[in-house]
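*Asks:* structure here, sequence nowhere to be found:
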Ligand SMILES: CSC[C@H]1O[C@H](OP(=O)(O)O)[C@H](O)[C@@H]1O
Ligand SMILES: Nc1ncnc2[nH]cnc12
């Protein structure tokens, strides 16, 4: 059985993780370019952890500029089998108030193709299943952990991923509400798709920071308002991660672990050798 290694992508306001021992910094280059920053590895309550701030330390990268492929590839290289994504989100429902936690179970993709959401192409074609885009087991652990941390937590809900960087217009916000979505953000879709291709379980702790711009009784979303809420909630996010770590077992009994088994359609003999080489870590066992 392989050792449990849990990865964390820190989002807006979460640029470091306290409480780990045996801390090391790992600088990595990947066949897909450079990740957002150094990975921080360490031990949290006896479990190996890998932390990466997705926008880089100092929040230098736009959601569209993050090299999601490199970030996920690096996690895979470091042995990660579960990724916990911490994300600031706008609430699209009255009952999800700023300060609440949501563990989304669905996504809608409203990004506009400036991001690279796949490891495949250039001579190898694969189509992974994505009907259930987050790992149900990991998300269950995150929900239980949020309850144990005393959070007001909403189980399930749809995260709509927009391109940004400008926030939505009021017309867009109302349209998204008519879709029935729960929260809005700018980062999770590429991570979820690439994690699935890398056979890594993906789950999200979404921190509701604002009511976007649809709520007549609340101010329109601003970075300032988001950061104020996040400052008060970063301790909660860290507590949820800590409580989740003890609930995650090494062995996986979910479809994420074999997502690529039947996904590659290309004739193995037609795949160029350099493509096989580049993707060895991701898909090598199936070629
Ligand atoms: C700083 S406000 C907008 C920013 O926050 C969210 O990022 P993350 O998911 O990394 O917490 C949102 O998606 C935007 O990128
Ligand atoms: N209202 C919002 N729209 C998009 N991303 C966000 N992140 C936090 N709040 C957001």
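*Replies:* Looks like it came in fine. This is a predicted model, so every value here is computed, not measured. Residues are numbered from 1 along each chain as shown. Ligands and ions are numbered 1, 2, ... in the order given.
*Asks:* going forward, measure contacts and count neighbours with C-alpha atoms only.
*Replies:* Noted.
*Asks:* so where's this protein shaky on pLDDT?
*Replies:* Applying pLDDT under 70 to the chain flags residues 1.
*Asks:* recalculate using a threshold of 90.
*Replies:* Applying pLDDT under 90 to the chain picks out residues 1-2, 13, 16-18, 113-115, 231-233.
*Asks:* enumerate the residues of it near ligand 2.
*Replies:* Residues of the chain found near ligand 2 (C-alpha under 6 Å from any ligand atom) are 88, 89, 90, 167, 184, 185, 186, 209, 210, 212, 221.
*Asks:* and the residue most central in space within the chain, bridged to which residues?
*Replies:* For the chain, the residue nearest the mean C-alpha position is residue 85 (3.7 Å; C-alpha atoms, centre = their mean). As for beta bridges, residue 85 partners with residue 9, residue 204 under DSSP bridges.
*Asks:* can you tell me which of the residues of the chain next to ligand 2 are in strands?
*Replies:* Applying DSSP state E to the residues of the chain next to ligand 2, the entries found in strands are 88, 89, 90, 184, 185, 209, 210.
*Asks:* quick check: the fourth one touching residue 157?
*Replies:* No - counting by C-alpha atoms under 8 Å, residue 184 stays clear of residue 157, with 10.6 Å between them.
*Asks:* of the two, who's got more company?
*Replies:* Shown here are residue 184 and residue 157; by other C-alpha atoms under 10 Å, residue 184 has more neighbours (29 against 16).
*Asks:* which residues does the more buried one contact?
*Replies:* Taking C-alpha atoms under 8 Å, 6 or more residues apart in numbering as the criterion, residue 184 is in contact with 89, 90, 91, 92, 159, 160, 161, 162.
*Asks:* isn't the second one up against residue 214?
*Replies:* No - distance between residue 90 and residue 214: 10.3 Å, which falls outside the contact criterion (C-alpha under 8 Å).
*Asks:* compare neighbour counts for these two and give me the winner.
*Replies:* Per other C-alpha under 10 Å, whichever of residue 90 and residue 214 has more neighbours is residue 90, with 26 against 23.
*Asks:* and that one, what does it touch?
*Replies:* Counting by C-alpha under 8 Å, 6+ apart, the residues that residue 90 touches are 183, 184, 185, 208, 209, 210, 211, 212, 221.
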